[in-house]
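pasted the sequence and its predicted model underneath.
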Amino acid sequence: MVNSPVRSSDADVATTGAQAGAEVVRTLYGRQLARIDKGAGDFATAADVAAEKAILDVLRAARPDDAVLGEEGGQQGAGVVDGVRQWLVDPLCGTLNYAVGTLLVAVNVALRGGAAAVADPFGGEVFRTDGESAWVRSAGAGDTLLTPTAASRLVDVNLDPPFPAAPDFRAVELLAHPEFGRHFRPRVGSTTLALAWVAAGKRAAYVTDGGDLSGSVHFAAGIALCRAAGCVVTGIDGAPVGEGRGRGHGLVAAADEETHGLLMSMIHGG
């Protein structure tokens, strides 16, 4: 819990919340968990719900006047209006992975337009930002500044639906592009932990289709980390994410301008 809510920074609150959720995720791992059907093949588990409750307990204690949008609980407190701060919470990103025993999951907590944290429950790392700089905190160690690099040449591509940009853009076609194989090596992920890895230099880039993802509980924390670390972050159309008006949809988060440019040329060059 947050011991001193008045003095705690937003980054500390986000970090503590993400750690609280990650602890629940670790504790419940491997158990037979009830599934909550959400339609269209999507579902939550009891771990998603319990982790969100743990995060909300932290946020209510530290920031009782702030609104919260949770993946499982929806909107709590005032909606997004002038002067109202809103936290975006995805308590277990990668639920399907988790349900079948795969450890590739993340816990995402972000203050809209501000601080954020992404916890890797099984890797023991918390990626965090105050909105200006970004660090990783490992178990038993302090904070280390995140330094993006494209040296790995690994690119995570999200193939999960929906696909609003089709037929103009299909992520699966990017994987088959001849230039992609010459410059990069594909990784197909199903959790936004990969965005934190771009910020940390573990991945060269991350690509996904979608709408305006800047206000998504799934993506907001990872986008904040990448921006603060100095990554190049745009929609698949090259527009800044969060612009609205039909632009800035989907996401291309790259370690540097060269990597971003190569990916954009493959996406739009045919």
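Yep, that arrived.

assign Gln19 to helix, strand or coil.
Recorded secondary structure, Gln19: helix (DSSP: H, G, I helix; E, B strand; the rest coil).

do Gly140 as well
Gly140 - assigned by three-state DSSP - is coil.

could you do Arg137 as well?
Using three-state DSSP, the structure places Arg137 in strand.

so is the residue lying closest to it once chain neighbours are set aside in a helix, a strand, or just coil?
Spatially, and ignoring its direct neighbours in sequence, Arg137 is nearest to Val126 (4.6 Å; C-beta to C-beta, 6 or more residues apart in numbering). In this view, the C-beta of every residue, glycine as well, is placed from N, C-alpha and C. Here Val126 is strand, with the state taken from three-state DSSP.

which residues touch Val126?
With contact taken as C-beta atoms under 8 Å, 6 or more residues apart in numbering, Val126 is in contact with Thr15, Ala18, Gln19, Ala22, Ala117, Val118, Ala119, Asp120, Val136, Arg137.

repeat that for 6 Å
The contact partners of Val126, by C-beta atoms under 6 Å, 6 or more residues apart in numbering, come to Thr15, Ala18, Ala117, Ala119, Arg137.

may I have the beta-bridge partners of it?
Here Val126 sits in beta bridges with Ala119, Arg137, going by DSSP bridges.

how close does it get to Ala11?
Val126 is 10 Å from Ala11, where distance means C-beta to C-beta, to the nearest Å.

confirm Leu59 sits in a helix?
Yes: Leu59: assigned to a helix according to three-state DSSP.

the chain: helices as residue ranges?
10-28, 46-62, 95-99, 171-176, 178-183, 193-200, 220-229, 257-269 (DSSP state H).

average pLDDT for the fourth one, rounded please.
To tie it back to what came earlier, the one meant is helix 171-176. Averaged over helix 171-176, pLDDT sits at 90.

which non-adjacent residue is nearest Arg170?
Phe163 (6.6 Å).

possible to save the helices of the chain as TSV with mean neighbour count and distance to Leu146?
Formatted as TSV, those follow (neighbours: other C-beta atoms under 10 Å; distance: least, C-beta to C-beta, whole Å):
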stretch	mean neighbour count	distance to Leu146
helix 10-28	24	13
helix 46-62	22	22
helix 95-99	20	23
helix 171-176	16	25
helix 178-183	12	23
helix 193-200	29	5
helix 220-229	28	4
helix 257-269	17	16
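
and of those, who's closest to Leu145?
For these, proximity to Leu145 was assessed by C-beta to C-beta; helix 220-229 is nearest, at 8.3 Å.

ok, residues contacting that closest one?
The contact list for helix 220-229, computed with C-beta under 6 Å, 6+ apart, reads 88, 108, 110, 116, 118, 127, 129, 132-134, 146, 148, 192, 195-196, 198-199, 233, 253.

please apply the same query to stretch 236-244.
Residues contacting stretch 236-244 (C-beta under 6 Å, 6+ apart): Phe169, Asp212, Ser214, Gly235, Arg247, Gly248, Gly250, Val252, Met264, Ile267.

can you redo those as TSV with distance to Asp48?
Formatted as TSV, those follow (distance: C-beta to C-beta, whole Å):
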residue	distance to Asp48
Phe169	30
Asp212	24
Ser214	22
Gly235	28
Arg247	32
Gly248	28
Gly250	25
Val252	28
Met264	34
Ile267	32
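
I'd like the helices of the chain as TSV, with distance to Gly39 appended.
Formatted as TSV, these follow (distance: least, C-beta to C-beta, whole Å):
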stretch	distance to Gly39
helix 10-28	23
helix 46-62	15
helix 95-99	14
helix 171-176	23
helix 178-183	33
helix 193-200	25
helix 220-229	23
helix 257-269	30
